[in-house]
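In: predicted model and sequence below, questions to follow.
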Amino acid sequence: MVLENEIVFIVDLLAIFAIYLIVNLSLNMEFGYTGIPNFGKVLAVGAGAFVAASIPGRIFANMAGIEGDYIENNLAIVSEINIWLVDNTGIGFVVFFLTLGIAAVVGGGLGLLTSFPAIRLRGDYLAISLLAFGESIRIIGNNFTPLVGGTLGVQVPDPLSFLPGELRFPIATIGLILIAIVVYVFCEKMIRSPLGRMLRAVRDNEVAAESLGKNTTQIRIKIIMVSAALAAIAGALYAFYVGGTIAFAYDRASWTFWPFLMILIGGLANNKGVIIGTLLFVTLRKFIIFFKDSFQEYVPFDVVWLDFLLLGIILLAVLLYRPQGIFIEKPTPTIDINGKSSGLKKIFNFFFK
């Protein structure tokens, strides 16, 4: 039993690590490399989760001929869908990846919407505006019931319902890690291209970048869009992993401030630092949550606040004694975009032209 609990602990830790890694890589692209203080990161993450909670279930119900109001009869409908998916595994995976694509498009669209303040605002004013945008997703989710069930939330169909119960989460975790690796490689390729140098130029001296003929406004808008699309994919993956979505779970602490803390611990503008910072943070928080009941008699407050208190102390310590993070930003070698990878060349042309 102890060994089984340890396996469950590790599997869940790796799954949450993979999801946060995708969010943090997208945030590092915005804040670390481009200097955009996106305090509304929860907007894209929540939007992706809401897409996963509202679209695939309705598609499956329509295909399986299941009738009834999807929100009011959510538990019964999702249970029938999961039974239907056992015999329709291929369709389940097709809709799963279609949902990720839709989440990316919705996230990119919201990124475009929220990027308009980036045209005129800078620094604190931009951060406050993006923070206000981020708060809107939870308010909409709580009050617009047809979207994700309001304050009650909804269940999400499980594309892995054909697996035995003991294999579902390990297989899901492996899939999440593979997707996180793909996102990491994508971000590394982008940063090691001429685009990476341009992003640093926009961050360090926008006037100098404009004097060299770079359209810094368009660059900032496109980076926000790409980063929002990645964060929305992470939100959809989280909804599929936990099997449900409820609006108040997407708060600014969990999906905006914690990601900022992780990339600050690892080191800004360093994707390897993002991996280390994310792993340290997720591991430490899981241990605090797992063992905090043991500390109840030693602390003069409810242990439910212990993880927030300790992680806040860690943030202060990092800012005071290691503001550059564990890994300091270093020059990165540039890849040859005129070589074998035509796909990357198209991506770079999208930014340059």
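Out: Sure, I can see it. Numbering: from 1, shown residues only.
In: list the buried residues of stretch 258-273.
Out: Residues of stretch 258-273 classed as buried: 258-271, 273 (neighbour count, 16 or more other Cβ atoms under 10 Å). Backbone N, C-alpha and C define where each C-beta goes, glycine included.
In: start and end of it, how far apart?
Out: Length of stretch 258-273, first residue to last, Cα to Cα, to the nearest Å: 15 Å.
In: off-centre distance for that stretch?
Out: Relative to the mean C-alpha coordinate of its chain, stretch 258-273 is positioned 14 Å out (Cα atoms, centre = their mean, to the nearest Å).
In: that one - what's its average pLDDT?
Out: In this model, stretch 258-273 has an average pLDDT of 91.
In: quick one: residues in contact with that stretch.
Out: Outside stretch 258-273, the residues that touch it by Cβ atoms under 8 Å, 6 or more residues apart in numbering are 20, 23-25, 27-28, 31-33, 39, 41, 184, 187-188, 191, 200, 274-278, 280-282, 311, 314-315, 318-319, 323-330.
In: which among those count as buried?
Out: 20, 23-25, 27-28, 31-33, 39, 41, 184, 187-188, 191, 200, 274-278, 280-282, 311, 314-315, 318, 325-327.
In: out of the buried residues of stretch 258-273, who's nearest Gly213?
Out: Of all the buried residues of stretch 258-273, Ala269 has the smallest distance to Gly213: 23.4 Å, by Cβ to Cβ.
In: assumed the closest one was part of a helix.
Out: No. Assignment of Ala269 by DSSP: H, G, I helix; E, B strand; the rest coil gives coil, placing it outside any helix.
In: for Arg220, see how far away it is.
Out: Ala269 is 16 Å from Arg220, where distance means Cβ to Cβ, to the nearest Å.
In: just for the stretch 51-200 of the chain, where's the confidence low?
Out: For the stretch 51-200 of the chain, the stretches flagged by pLDDT under 70 are 118-119, 123.
In: do that again at 80, thanks
Out: In the predicted model, the stretch 51-200 of the chain carries pLDDT under 80 at residues 116-127.
In: nearest residue to Val105 other than its sequence neighbours?
Out: Closest residue to Val105 apart from its sequence neighbours, by Cβ to Cβ, 6 or more residues apart in numbering: Ala229 at 7.4 Å.
In: excluding chain neighbours, what is closest to Ala180?
Out: Among residues not flanking Ala180 along the chain, Ala18 sits closest, at 4.0 Å (Cβ to Cβ, 6+ apart).
In: burial count for the one you found?
Out: Neighbour count for Ala18, taken as other Cβ atoms under 10 Å: 26.
In: how about Leu163?
Out: The number of residues packed near Leu163 is 16, by other Cβ under 10 Å.
In: which element is the residue nearest to it when sequence neighbours are not counted on?
Out: Leaving aside its sequence neighbours, Leu163 sits nearest to Ile171 (Cβ to Cβ, 6+ apart; 5.9 Å). Using DSSP states H and E, Ile171 maps to helix 165-191.
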